[in-house]
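Participant: Okay, here's the prediction I keep looking at, along with the sequence it came from:
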Amino acid sequence: METTHNHKAIVCKNLTKQFGDFKAVDSITFDVDQGEIFGFLGANGAGKTTAMRILCGLSYPTSGEATVAGFNVYKQQENIKANIGYMSQKFSLYENLTVLENIEFYGGVYGLSRSEIEKRGEVMISTLGLANEARKLVGELPLGWKQKLAFSVAIFHRPRIVFLDEPTGGVDPLTRRQFWDLIYEAAADGITVFVTTHYMDEAEYCNRISIMVDGRVEALDSPGNLKKEFNTDSMDGVFLQLARRAKRS
Amino acid sequence: MDVQLNHIVKTYNNGQVKAVNDVSFSVAHGELFGLIGPDGAGKTSLFRILTTLLPPDSGAANVKGFDVRNDYKEIRKRVGYMPGKFSLYQDLTVEENLTFFATVFNTSINENYDLIKDIYDQIKPFAKRPAGKLSGGMKQKLALCCALIHKPEVLFLDEPTTGVDVVSRKEFWEMLKRLKAQGITILVSTPYMDEASLCDRIALIQKGNIMSVDTPQNVIGNFPTTLFAAKAKDLYKLLKDFRSDESVDSCYAFGEYVHLTLRGDRNEDAVLHKLVATYQLQDFEVKRITPTIEDSFIRLMRESETIAK
């Protein structure tokens, strides 16, 4: 992993995305430290997905500035893509490829050598306890295992940042917690984790969280400080107070 | 009883995948009944069996006294079904979708307007918009209106709040309470354990098996041991240390706390003191708490996995 003198994993300044008259993302400003677990929350339609697409190098902002892993979101989209990992609840792995084939495919896409893929692949499969399933189709695995595998594949090329879009939706409560163990491990290894979730208990596991309302970042702090600021004892309470301010839906 | 299931079994792929494994429960008239479980638990298969869209392999089920195999036409007249996947016509407008479903059931929007008024008022400004262009929350409200338009006696809602934010989820449950007050029996599924407490009774379901059917209060009351909530400066360290200790039976992250149970019936306070001393935890706090449905669910999951081994 390269070390730049820029220790921020993500820097956004007045980042805006406009569709016609509609400001999907309305001048958001925040930054994320290297190795931080950053929760990116907001109601449906608040602009989370649009903002995330820009930060992943998939869409250009209308105005404002942002760098991801030190790369500019206007000019260096391909560098961004090479330095991040991404997984979502909906799509991450090929169901009709085996566990090993998925690992080989993604390792290849991110430019790892065959020997490197083999070496890291073995470690990953044994860590996840998937030795007996390595040659099975991913589509045959239970959802919980798929999600854990998808996360491990997303950080297989050791990106500086991994983006997780509702990674635990629909997963059983035990697996959901095992998934967060993987997140903690990745963060302890220095990978920045940028995660969206609808589970408010998961918001508590983040170092800091931001809450978007109508395209703007309306709150940004540690879970503890936000609860103090909004005078409530749960993240649920913070979220409800903010989301009820929303005008658009 | 408005809904009854007796030893229902459903498999796929020539019996290789057991989706529903000997499930029995019943739902009383006017009850708000929750099927609580993760993806792959068998919730959707049960809904499809009860709405007569899928025959069970074995076992019997009836809705309003009508058999799901033989009397499917009678059942279809009497139930409303909101599938988990958005299933309205994306290229028809809000109003056209509603008119379509009303017509299919030989009724009109006006005939049962009072039933949907509360919900429909919220999407009425978008009456001329194609359903495919609505936001998630709006789609959900329209789907509920379409499921209600023929004034069903039993309403089946398959994961109506999945992927929906906390605010819309709260509003949706308030709508369900008002429908229940009008005497409609409701069977609703959800992967969100916190929604369980809003039901009259719940079935906890995992891998095709019902683990418990009871009121939310009784499910919680049946938790067999003392549950503690603990926190320390470094929560992840606390979690790892406690899990490695033989005096701790279970330890899981729950928001800013970990929830833990202890092994055996030794003096609990003494065991906790020893844990803190052993692992030198900073800013350690601990308290006895009432379990949540999620605690009970995890406990039951672990017990059934232990039995399976």
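Facilitator: Right, received. Where do you want to start? It should be emphasised that the depicted structure is a prediction, and the values quoted were computed from it without experimental measurement.

Participant: buried sites along the helix or strand hosting residue B:121?
Facilitator: Assigning secondary structure by DSSP states H and E places residue B:121 in helix B:113-123. Of the residues in helix B:113-123, those buried by neighbour count under the rule 16 or more other C-beta atoms under 10 Å in any protein chain shown are B:115-116, B:119-120, B:122-123. (Each C-beta comes from the backbone N, C-alpha and C, glycine too.)

Participant: Could you export those residues as JSON lines, including distance to chain A and pLDDT?
Facilitator: As requested, the buried residues of helix B:113-123 are arranged in JSON lines below (distance: C-beta to the nearest C-beta, whole Å; pLDDT from 0 to 100):
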{"residue": "B:115", "distance to chain A": "23", "pLDDT": "90"}
{"residue": "B:116", "distance to chain A": "19", "pLDDT": "92"}
{"residue": "B:119", "distance to chain A": "14", "pLDDT": "90"}
{"residue": "B:120", "distance to chain A": "15", "pLDDT": "92"}
{"residue": "B:122", "distance to chain A": "9", "pLDDT": "88"}
{"residue": "B:123", "distance to chain A": "10", "pLDDT": "91"}
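
Participant: Let's verify the residue nearest to the spatial centre of chain A: helix, strand, or coil?
Facilitator: For chain A, residue A:163 is the residue whose C-alpha lies nearest the centre (C-alpha atoms, centre = their mean; 2.1 Å). Secondary structure assignment for residue A:163 (DSSP: H, G, I helix; E, B strand; the rest coil): strand.

Participant: contacting residues for it?
Facilitator: For residue A:163, the contacting residues are A:52, A:55-56, A:84-87, A:194-195, by C-beta atoms under 8 Å, 6 or more residues apart in numbering or on different chains.

Participant: related to what we said a few turns ago, from the buried residues of helix B:113-123, which single one is nearest residue A:97?
Facilitator: Nearest to residue A:97 among the buried residues of helix B:113-123 is residue B:123, at 41.5 Å by C-beta to C-beta.

Participant: what residue of chain B is the furthest out?
Facilitator: When distances to the mean C-alpha position of chain B are computed (C-alpha atoms, centre = their mean), the maximum falls on residue B:277, with 41.2 Å.

Participant: Stretch B:31-43: how far from the chain's middle?
Facilitator: What separates the centre of stretch B:31-43 from the centre of its chain is 4 Å, taken as C-alpha atoms, centre = their mean, to the nearest Å.

Participant: Report the mean per-residue pLDDT for it.
Facilitator: pLDDT averaged over stretch B:31-43 equals 94, rounded to a whole number.

Participant: For chain B, what lies in contact range of chain A?
Facilitator: B:37-41, B:135-138, B:162-168, B:170, B:191-193, B:206, B:236, B:252-256, B:294, B:297-298, B:301-302 (C-beta under 8 Å from any C-beta of the partner chain).

Participant: which of those count as buried?
Facilitator: Buried members of the residues of chain B next to chain A, scored by 16+ other C-beta under 10 Å, are B:37-41, B:136-138, B:162-168, B:170, B:191-193, B:206, B:236, B:252-256, B:294, B:297-298, B:301.

Participant: Just the ones of the residues you listed in helices?
Facilitator: Among those, DSSP state H puts B:136-138, B:166-168, B:170, B:236, B:294, B:297-298, B:301 in helices.

Participant: Just give me the closest of the residues you listed to residue A:206.
Facilitator: Relative to residue A:206, and with distances defined as C-beta to C-beta, the nearest of those is residue B:236, at 12.3 Å.

Participant: Quick check: closest non-adjacent residue to that closest one.
Facilitator: Closest residue to residue B:236 in three dimensions, ignoring its sequence neighbours and counting by C-beta to C-beta, 6 or more residues apart in numbering or on different chains: residue A:184, at 5.1 Å.

Participant: what's the answer for residue A:74, then?
Facilitator: Spatial nearest neighbour of residue A:74, excluding adjacent residues (C-beta to C-beta, 6+ apart): residue A:60 at 6.3 Å.

Participant: Could you check how far that neighbour is from chain B?
Facilitator: Residue A:60 sits 24 Å away from chain B, taking C-beta to the nearest C-beta, to the nearest Å as the criterion.

Participant: can you give me the helices for chain A?
Facilitator: Along chain A, counting by DSSP H, helices occupy A:48-55, A:77-83, A:99-109, A:114-128, A:143-154, A:173-188, A:200-203, A:223-229, A:235-243.

Participant: Switch these over to CSV; also include mean pLDDT, distance to residue B:3 and mean neighbour count.
Facilitator: What follows is these, written out as CSV (pLDDT from 0 to 100; distance: least, C-beta to C-beta, whole Å; neighbours: other C-beta atoms under 10 Å in any protein chain shown):
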stretch, mean pLDDT, distance to residue B:3, mean neighbour count
helix A:48-55, 94, 38, 22
helix A:77-83, 96, 50, 18
helix A:99-109, 96, 40, 18
helix A:114-128, 95, 40, 14
helix A:143-154, 91, 27, 22
helix A:173-188, 91, 26, 19
helix A:200-203, 90, 32, 23
helix A:223-229, 95, 41, 15
helix A:235-243, 90, 32, 21
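
Participant: Adding distance to residue A:9, write those helices out as CSV.
Facilitator: CSV is the format used below for these (distance: least, C-beta to C-beta, whole Å):
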stretch, distance to residue A:9
helix A:48-55, 10
helix A:77-83, 10
helix A:99-109, 21
helix A:114-128, 22
helix A:143-154, 15
helix A:173-188, 11
helix A:200-203, 19
helix A:223-229, 19
helix A:235-243, 23
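
Participant: Next up, the contacts around residue B:47.
Facilitator: Contacts were defined as C-beta under 8 Å, 6+ apart; by that measure residue B:47 touches B:81, B:83, B:156, B:158, B:187, B:189.

Participant: Which pLDDT value does the model give the residue lying closest to residue B:165 once chain neighbours are set aside?
Facilitator: Ranked by C-beta to C-beta, 6+ apart and with sequence neighbours excluded, the top spatial neighbour of residue B:165 is residue A:43, at 4.1 Å. Among the per-residue scores, residue A:43 holds a pLDDT of 84.

Participant: So which residues of the stretch 151-300 of chain B form helices?
Facilitator: Under the criterion DSSP state H, counting those that start in this stretch, the stretch 151-300 of chain B carries helices at the ranges B:166-181, B:216-221, B:235-244, B:268-279, B:293-308.

Participant: Can I get those helices in CSV including distance to residue A:114 and mean pLDDT?
Facilitator: Written out in CSV, the entries for the helices of the stretch 151-300 of chain B read as follows (distance: least, C-beta to C-beta, whole Å; pLDDT from 0 to 100):
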stretch, distance to residue A:114, mean pLDDT
helix B:166-181, 46, 90
helix B:216-221, 52, 97
helix B:235-244, 35, 91
helix B:268-279, 43, 92
helix B:293-308, 38, 88
